[in-house]
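K.L.:
Just to be clear, the model below is a prediction. Sequence and coordinates:
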Amino acid sequence: MTSPREPGNIPEAAVELRGLRKGYRKVVALDDLSVLVPRGTITGLIGPNGAGKTTALRVVLGLVRPDRGDGAVLGRPLGTPRAYLGRVGSLVEGPALYPGLSVRRNLAVLAAIGGLRGARARTEIDRALELAGVTRQADRPYRTLSAGTRQKAAIAGALLGDPELLVLDEPVNGLDPGSIRNLRELLPALRDAGTTVLLSSHLLGELEQVCDWYVVLSDGRCLAQGSAHDVTGSSGNSLEEHFLQLVRAAQDARAS
Amino acid sequence: MNAVSAVLRVVHARAITIGRPRIAVTASLTAVCFAVLVSVLTVLKAQPGPQQDVGDGEGVTIAALSTAGGMATGFTNAAVLTGIVVLVVFLTTMTGDHEHGTVRGLLTRGPGRLPLLAGTYVTLALATAALLAVAEIAAVVAAYLAAPAAGVDRGLWLGADGLRAAGTDYGGVFLACLLLGSFGALIGVAVRRTALGVALAVGWLLPVENMIGRAWDGAAAWFPGLLARAVATGGTEVSSGHAQVTAGAWIVVCTAVTAVLFARRDVTA
C-alpha cells in the first residue's frame, strides 16, 4: 500500500472531495473545498467551530447534498451513497440511537439494515460491543445510559460490519480517560487491519497521538493537508501552534 | 445491494423499532379499546325499526345489525378513531427518527432514501393490517356478547355471508387507515416534529374538516378524514366507489410528496 508519509508518493484516496460548495441560506458552510483522505490512514479533520468539518462529513455520508462539486468515496462517485455506504461505518453529530431499545437491539437494527442477519449479526454485534467497551451495558435501554456510554454505544454501531472507512465526528466527546485511551489504541489497530479512519475533533492533542494525515479547515476551505510534517512545513512549530497560525491568517485575510 | 433487497433489510430493521412494546402494545390496546367501545355502543344503542344501511353509523337499527353484515358495524364505525391511532404511529415513526437523530444512523447504513421510506411504509402497513385484525376480532366478540341484551339476532353473523361481509369491512377500514397513515407520514416528514405534526394532523382531521364539512357538502367527497369515514362505512354522502378511488388517489399523492420531501431534503441535526 502506498504510504502517504513517504515523500513523492501520490496516495490512493479513500475519500476525495473536489470543489465542494454548500450553503445554508446566508451561511457558506463549504467553499470550494477540496480534500483527499488517503487509504490506510487515520486522517484528522481539524478546524475551529463552524469550519465546515461536520458538513463535510455529512456530505461524505450522503446526508447533505453539496450545491456543487464532486468527488469519490471508496472509488464510487460522491453522489451515489448507496454504492459505498455499506462499507462505511460512522458516528456523526453525536450518538443517536432509539431511546427505548437496549444497546444490543439498537445494534441489531443497524445490523439488519446493513444486511447482517442471524448468527453473523450476533457475532458482529458482540465484536463491536467489545471493541467499543460497552458489553456490560449492552442489555440496558439506551435512554438509561450516561453520555459517555451512549457515545461508546454509538461507536459500537459505527464499528459494525468491519467497515473499510470509519467516519467519526468528535468521537471522544463525553468519554472518560480510560475510554479515550481504549479508543486511542483501537484506531491504529483498525488502521493496521486495513480500515481508513476519518476523524474530526477539536482536541488536537488527541489527534496528534493517532493521526498520520491531517486536513485543516477554516471557513469551509481547506488550508492545508498532508502529514504532520507537510502541514507544519519547516516552521518548527507544533501542530497546534501551526494550526492556530493558519486559522488566524485565514481569518485576517477574510477580514481584510 | 438492489432496491428490493434494501427494502427487505429496512423491513427487518423496522420490525424491531416499530415492534417494540411501547409502540406495538400501546397502539394495539388503544385501537382495540376504541373498536370494542364503539362496537358495544353501536349494538346497545340500536333502535327498533326498518332495516337501514348497516354502514350508516347513526341510528343503526336492530334489523340492520341482525343482517349477515351486522357484526362488524361497530368496527367500521370506529374506523376514524382507529385511523387516528394509525396516523399517529405513521407520523411519530417519521418525526421520531428526526427528533432522535436515528434517521442518520439508518441512512448511513446505506439502504438509500427511497428504499428506507418504502421499507418503512411496508412495515407500517403490515403492522396496521395486524392491528386491524386484532381490533376487528375484539369488536366482533364484543358485539356478539352484547347482541342479546339489545335483542339483536346473531344467527346470520357467523355464516359465509357474514364472514365475507366482515372481510369487506376489514378491507374498507384498512384502506381508510392507510389513507390517514399516509397523510400522517406526509405531515411527519414535512414538519419533523411530533407535537407540531400531531397537532396539525389531528386538528385538521377532526375540528377543521368537520367545520368545513358542515358549510360545504362537497367536503365529504374530497377531504381525507371525511373520506376515510366514507370508505370504512361504505359511504352515505358519497358513493363507496368514489370514496375508494379518491382515497387511493390521496394515498398515492401523499406518498409521492412524502417521497420527494424525504429524498431531497438534507438530514441535519
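P.N.:
Done, it's in.
K.L.:
all contacts plus neighbour counts: C-alpha atoms, from now on.
P.N.:
Noted.
K.L.:
Please tell me the pLDDT value assigned to the one residue in the stretch 101-250 of chain B that gets nearest to chain A.
P.N.:
Closest to chain A within the stretch 101-250 of chain B is residue B:110: 4.5 Å, counting by CA to the nearest CA. As predicted, residue B:110 sits at a pLDDT of 87.
K.L.:
doesn't it fall inside a helix?
P.N.:
No: under DSSP: H, G, I helix; E, B strand; the rest coil, residue B:110 falls outside any helix and is assigned coil.
K.L.:
List phi and psi for it.
P.N.:
phi 90, psi 20 (degrees, to the nearest 10).
K.L.:
That one contacts residue A:84, doesn't it?
P.N.:
Yes: the criterion here is CA atoms under 8 Å, and residue B:110 meets it with residue A:84 at 7.3 Å.
K.L.:
between those two, who's got more neighbours?
P.N.:
Neighbour count, other CA atoms under 10 Å in any protein chain shown: between residue B:110 and residue A:84, residue B:110 has more, with 27 against 23.
K.L.:
got a list of what the more buried one touches?
P.N.:
Residue B:110 is in contact with A:81, A:82, A:83, A:84, A:85, A:86, A:113, A:114, counting by CA atoms under 8 Å, 6 or more residues apart in numbering or on different chains.
K.L.:
Now tabulate those in CSV and tack on pLDDT.
P.N.:
What follows is those, written out as CSV (pLDDT from 0 to 100):
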residue, pLDDT
A:81, 92
A:82, 91
A:83, 93
A:84, 95
A:85, 95
A:86, 93
A:113, 94
A:114, 92
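K.L.:
give me the number of residues near residue 224?
P.N.:
Picked chain A for this. Residue A:224: 17 neighbours (other CA under 10 Å).
K.L.:
wrong one, chain B
P.N.:
23.
K.L.:
Partner strands of whatever helix or strand residue A:222 lives in and their direction?
P.N.:
According to DSSP states H and E, residue A:222 maps onto strand A:221-226. When sheet partners are counted by DSSP bridges, strand A:221-226 sits next to strand A:213-218 (antiparallel).
K.L.:
how about the partner strand as CSV, C-alpha atoms only?
P.N.:
This file holds the C-alpha atoms of strand A:213-218, laid out as CSV (Å, rounded to 0.1, in the frame of the first residue of the first chain):
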residue,chain,number,x,y,z
TRP,A,213,-2.6,12.6,7.9
TYR,A,214,-4.3,16.0,8.6
VAL,A,215,-6.8,18.2,6.9
VAL,A,216,-7.0,21.7,8.2
LEU,A,217,-10.3,23.5,7.5
SER,A,218,-11.4,27.1,8.1
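K.L.:
Residues in contact with it: which ones?
P.N.:
Under CA under 8 Å, 6+ apart, the answer for strand A:213-218 is A:4-5, A:35, A:37-38, A:41-48, A:50-53, A:222-228, A:231, A:243, A:247, A:250.
K.L.:
In strands, which of those residues fall?
P.N.:
For those, the ones inside strands are A:35, A:37-38, A:42-46, A:222-226, with DSSP state E as the criterion.
K.L.:
Could you say which helix or strand holds residue A:17?
P.N.:
Taking DSSP H and E as the definition, one finds residue A:17 inside strand A:13-24.
K.L.:
List the buried residues for that strand?
P.N.:
Buried residues in strand A:13-24, counted by 16 or more other CA atoms under 10 Å in any protein chain shown: A:13, A:14, A:15, A:16, A:17, A:18, A:19, A:20, A:21, A:22.
K.L.:
Roughly how far does the fifth one sit from residue B:233?
P.N.:
The one in question is residue A:17. 57 Å (CA to CA, to the nearest Å).
K.L.:
again with the third one
P.N.:
Taken as CA to CA, the spacing of residue A:15 relative to residue B:233 amounts to 57 Å.
K.L.:
near chain B, which residues of chain A show up?
P.N.:
A:61-65, A:81-86, A:88-91, A:93, A:96-101, A:105, A:108-115 (CA under 8 Å from any CA of the partner chain).
K.L.:
swap the cut-off to 7 Å and go again
P.N.:
Within chain A, the positions adjacent to chain B are A:61, A:63-65, A:81-82, A:85-86, A:93, A:96-98, A:109-110, A:112-115 by CA under 7 Å from any CA of the partner chain.
K.L.:
List the buried residues for the lengthiest helix in chain B?
P.N.:
Longest helix in chain B, counting residues (DSSP state H): helix B:113-150. Neighbour-count burial for helix B:113-150 flags B:113-125, B:127-129, B:131-144, B:146-147, B:150 (criterion: 16+ other CA under 10 Å).
K.L.:
Ok, stretch B:4-13 next?
P.N.:
B:6, B:7, B:8, B:9, B:10, B:11, B:12, B:13.
K.L.:
And for stretch A:245-252?
P.N.:
In stretch A:245-252, counting by 16+ other CA under 10 Å, buried: A:246, A:247, A:250.
K.L.:
what's the answer for stretch B:203-222, then?
P.N.:
B:204, B:205, B:209, B:210, B:213, B:219, B:220, B:221, B:222.
K.L.:
farthest-separated two in the residues you listed?
P.N.:
The most widely separated members of the buried residues of stretch B:203-222, counting by CA to CA, are B:204 and B:221 (15.7 Å).
K.L.:
circling back: adding pLDDT, write the buried residues of strand A:13-24 out as JSON lines.
P.N.:
Output for the buried residues of strand A:13-24, formatted as JSON lines (pLDDT from 0 to 100):
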{"residue": "A:13", "pLDDT": "93"}
{"residue": "A:14", "pLDDT": "96"}
{"residue": "A:15", "pLDDT": "97"}
{"residue": "A:16", "pLDDT": "96"}
{"residue": "A:17", "pLDDT": "96"}
{"residue": "A:18", "pLDDT": "96"}
{"residue": "A:19", "pLDDT": "96"}
{"residue": "A:20", "pLDDT": "96"}
{"residue": "A:21", "pLDDT": "96"}
{"residue": "A:22", "pLDDT": "95"}
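K.L.:
From those, pick the one nearest residue A:119.
P.N.:
Using CA to CA, the buried residues of strand A:13-24 come closest to residue A:119 at residue A:14, 30.2 Å.
K.L.:
For residue B:50, see how far away that closest one is.
P.N.:
Residue A:14 is 77 Å from residue B:50, by CA to CA.
K.L.:
before we move on, the earlier item: can you tell me which of the residues of chain A next to chain B are buried?
P.N.:
Among those, the ones that count as buried (16+ other CA under 10 Å) are A:61, A:63-65, A:81-82, A:85-86, A:93, A:96-98, A:109-110, A:112-115.
K.L.:
so of these, which ones are in helices?
P.N.:
Per DSSP H, those map to helices at A:81, A:82, A:109, A:110, A:112, A:113.
K.L.:
what's the farthest-apart pair in the residues you listed?
P.N.:
Using CA to CA, the pair of those lying farthest apart is A:81 and A:109, separated by 19.5 Å.
K.L.:
Count the neighbours of residue A:190 for me.
P.N.:
21.
K.L.:
whoops, I mixed them up, residue A:26
P.N.:
Using other CA under 10 Å, residue A:26 has 6 neighbouring residues.
K.L.:
do residue A:209 as well
P.N.:
Using other CA under 10 Å, residue A:209 is surrounded by 11 other residues.
K.L.:
What pLDDT is listed against it?
P.N.:
Model confidence at residue A:209 (pLDDT) stands at 90.
K.L.:
near chain A, which residues of the stretch 51-200 of chain B show up?
P.N.:
Residues of the stretch 51-200 of chain B lying near chain A (CA under 7 Å from any CA): B:100, B:101, B:102, B:106, B:108, B:109, B:110, B:111, B:112.
K.L.:
OK, contacts around the residue lying closest to the second one once chain neighbours are set aside?
P.N.:
So that's residue B:101. Closest residue to residue B:101 apart from its sequence neighbours, by CA to CA, 6 or more residues apart in numbering or on different chains: residue A:96 at 5.1 Å. By CA atoms under 7 Å, 6 or more residues apart in numbering or on different chains, residue A:96 lies in contact with B:100, B:101, B:102.
K.L.:
same thing but 10 Å
P.N.:
A:106, A:142, A:150-151, A:153-154, A:157, B:97-105, B:269 (CA atoms under 10 Å, 6 or more residues apart in numbering or on different chains).
K.L.:
That's all I had, so thanks and see you.
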